[in-house]
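A.B. asks: how would this look folded up:
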Amino acid sequence: MIIKKEIVISRYNEDLSWIKDINSDIKVFIYNKSDESIAYEHKQLPNIGREGETYLRHIIENYDSLSENIILSQGCPFDHSKDFLSFINNNDTKSLVYISDWIALVYHYSSPQMIKDIEIIIDKFELSKLNYDSTFSAGAQYIIHRDLITSKPKDFWISIYDYYLSYIDDNASSNPWLYERIWPIIFGGCEHNSYSTNLLDNYGKL
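C.D. replies: The predicted structure is shown next:
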């Protein structure tokens, strides 16, 4: 069977019983960053880099075999999207879709130092410039089409990954929060469907 959709789950100690309700045609990749044993097929990873490290690792290791749609998820996606399961089971994209109940303006929810750090990343990797309308999906959860990833060479993702890890300090770095704000810029696309557009008004509730 051709797999058209996959989900990448970055897990620390969250209860994963919810994965039984994922549609059977969605391939599940679990990356476990806890020493705790779990009963699901998974890849064991060191506890560094939070979800951003997981997403980038998955892209690099599966670059040539990614499904058409890739769902990026934390271990408990419902903290940021109460209808997460229904949404991923019934939606796909040709671009990038936010999966969050709270969509935020980057400038509104970033300190001046974070903006400076974000601009350094943008300049280093020649990404689209940040503007006052730039938004992000709180929780860093998205559905992304494979073409947005493969439009950039694998070396690009390796370089982003290496740079990401270069700022990890005992898992206390602000790096995951910086990248949370610029995944749409890194991926290079956003599909403002009814789900995400209707939630733009909620950015003040984060």
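A.B. asks: mind listing what's buried in stretch 145-160?
C.D. replies: Across stretch 145-160, burial judged by 16 or more other Cβ atoms under 10 Å covers His145, Arg146, Leu148, Ile149, Lys152, Trp157, Ile160. (Each C-beta comes from the backbone N, C-alpha and C, glycine too.)
A.B. asks: do the same with stretch 118-134
C.D. replies: Ile118, Ile121, Ile122, Leu127, Leu130, Ser134.
A.B. asks: With stretch 80-87 instead?
C.D. replies: Buried residues in stretch 80-87 (16+ other Cβ under 10 Å): His80, Ser81, Phe84, Leu85, Phe87.
A.B. asks: Spatially, which two of the residues you listed are the most separated?
C.D. replies: Taking Cβ to Cβ as the measure, the buried residues of stretch 80-87 span a maximum distance of 13.0 Å, between His80 and Leu85.
A.B. asks: in the protein, what spans have low per-residue confidence?
C.D. replies: 1-2, 168-174, 189-206 (pLDDT under 70).
A.B. asks: Repeat the analysis, applying 50 as the threshold.
C.D. replies: In the predicted model, the chain carries pLDDT under 50 at residues 170-172, 192-206.
A.B. asks: Show me where it has its helices.
C.D. replies: Secondary structure of the chain by DSSP state H: the helices cover 50-61, 84-90, 112-124, 146-150, 154-165, 175-187, 194-197.
A.B. asks: These into a markdown table, with extra columns for distance to Asn23?
C.D. replies: A markdown table is the format used below for these (distance: least, Cβ to Cβ, whole Å):
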| stretch | distance to Asn23 |
| --- | --- |
| helix 50-61 | 19 |
| helix 84-90 | 5 |
| helix 112-124 | 35 |
| helix 146-150 | 18 |
| helix 154-165 | 27 |
| helix 175-187 | 23 |
| helix 194-197 | 17 |
